[in-house]
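>>> any chance you could fold what I've pasted below:
(chains A and B)
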Amino acid sequence: MTGTAAARIDNAALFAVLASLADNKQAIGRRYAYWANGAPALEAAVAAAAMTQDEIGHARTLYPLLEDFAQAAADPRQVAPETRTLRYHLAFLDSEFASWSDFVATNFLLDGALTTFFEAAQHSAYEPLRQRARKIVQEEQVHRTHAEGWVRRLAKAGGAVRQALVSSLQRLWQETLCWFGPDDDPVMSQLYREGFIDAPPAELRSRYLQRVMPLLESLAIEMPARFDPESKRWLPGEALPWERWEAGSRRLRPAGQEATEEEQP
Amino acid sequence: MTAVYPSLRTHPADDPSCPALWDALREVTDPEIPISVVDMGLIVDLKQRDGVVNVKLTFTALGCPAMDFIMDDIRERLLREPGVRAVRIEVVWDPVWSKERLSEEGIELMRSWGISA
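Model (predicted):
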């Protein structure tokens, strides 16, 4: 259901977040695909293949929505994955996964964060997002089971296996927390004000931490987050590196890399 | 709980639910399992007006690799029905597909193939 030029939606914030969601789903699918033939157990490889299909499917159902927006007119090449040159996925996904633990961390943290967003969009004022969000949330339930099972398994293996998991989680940690944007992020805040999602960025980040922290705590994996007993909410336990935040692409510039002209204040 | 869909076995031919068209789609099967798109619960709504059939269709998964095949098969089969000159298919994700959308026949067929349903 693509829109005609006359009926196109003019909403740069929604367009930007949909593009980021689609690019992240697409990139996750491509990274998962490698492990359909390389996971540490046959069952895990089968699951990786199924999850690849799901993630690519999520991307495939999100990209066509971009055509409904006036913002697509500026560069029509950017609405289809085949011709799109912009890459709004997390920098973590720029490279191949170094190990199976990167797969597990991506599923547990990044895909968990995206699911937190889709959960918040299940009553979205934008119907195409609302419909897709409910379906994605349903499909992500099994991804979550897979993620939590493997986090437990790798953590309990101890030694180098546990250390590899912790290292993967640490490398993805800050960028995933940042994906929701700063607390005053104009893009996510606008989506909240306009009824496209049911929470502002700080609340989304807190919900996400509530999703992942209880399991990490139970496994004695220490990540920088703290539970605030007053508000009964999880909060980041350290200052996030907003100096490296690239608002347009919703990703963190790798440490040590210069800001592009577009991103400089 | 299972779903029941219109059929000429249970509805008169001129019933507004278009039972003949539902029966026609009982001949269109999922490419992966020999179960019809009706018994699988993929047909959400079906309406005919002035020779145009509007179908609301869902899939079990957003990443279903057989979407295009299934839509082509549905279109081709409905166009063979008398009086049908055009078929419009809209893919919808609400309601979200679940096992409750399977028909009784669909459940039996799935079980005969060793698939839990």
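>>> I'd say B:E100 and B:M1 touch.
Yes. If you go by CB atoms under 8 Å, B:E100 and B:M1 touch, sitting 5.4 Å apart. Backbone N, C-alpha and C define where each C-beta goes, glycine included.
>>> look at these two and report which has more neighbours.
Legend: neighbour count by other CB atoms under 10 Å in any protein chain shown for B:E100 and B:M1, higher for B:E100 (10 against 6).
>>> give me every residue that touches the more buried one.
B:1-3, B:41 (CB atoms under 8 Å, 6 or more residues apart in numbering or on different chains).
>>> does the residue of the stretch 151-265 of chain A found nearest chain B count as helix, strand or coil?
Chain B sits closest to A:F196 of the stretch 151-265 of chain A, with a gap of 16.3 Å, by CB to the nearest CB. Per DSSP: H, G, I helix; E, B strand; the rest coil, the local secondary structure of A:F196 is coil.
>>> burial count for it?
22.
>>> next: the one 4 residues further on.
Burial of A:P200, expressed as a neighbour count using other CB under 10 Å, amounts to 20.
>>> tell me which element A:W234 falls in.
Assigned by DSSP states H and E, A:W234 belongs to strand A:233-236.
>>> so how far is A:Q163 from A:F92?
Using CB to CB, to the nearest Å, A:F92 is found at 18 Å from A:Q163.
>>> quick one, which of those two is more surrounded?
A:F92 (25 against 13).
>>> the closest residue to that one other than its chain neighbours: what's it in contact with?
Spatial nearest neighbour of A:F92, chain neighbours left out: A:L172 (5.2 Å); criterion: CB to CB, 6 or more residues apart in numbering or on different chains. Neighbouring residues of A:L172 by CB under 8 Å, 6+ apart: A:90, A:92, A:102, A:105-106, A:109-110.
>>> and A:L172, helix, strand or coil?
helix.
>>> tell me what the helix or strand of chain A with the lowest mean pLDDT is packed against?
The helix or strand of chain A with the poorest confidence is helix A:42-66; it has a mean of 94 (mean pLDDT, DSSP states H and E). Helix A:42-66 sits against helix A:12-35, helix A:127-157, with contacts defined as 3 or more CB pairs under 8 Å, 6 or more residues apart in numbering or on different chains; DSSP states H and E.
>>> 10 Å - rerun?
In terms of contacts (3 or more CB pairs under 10 Å, 6 or more residues apart in numbering or on different chains; DSSP states H and E), helix A:42-66 is packed against helix A:12-35, helix A:100-105, helix A:111-120, helix A:127-157, helix B:67-79.
>>> contacts only, for A:M213.
Residues in contact with A:M213, defined by CB atoms under 10 Å, 6 or more residues apart in numbering or on different chains, are A:221, A:223, A:225-227, A:234, A:237.
>>> what's the following helix or strand after the one helix or strand it maps to?
Under the criterion of DSSP H and E, A:M213 resides in helix A:201-218. Downstream of helix A:201-218, the first helix or strand assigned by DSSP H and E is strand A:225-228.
>>> you'd agree A:Q190 is up against A:F15?
No. At 11.2 Å, A:Q190 does not count as touching A:F15 under the criterion of CB atoms under 10 Å.
>>> higher neighbour count, those two?
Comparing A:Q190 with A:F15 by other CB under 10 Å, the one with more neighbours is A:F15, at 22 against 18.
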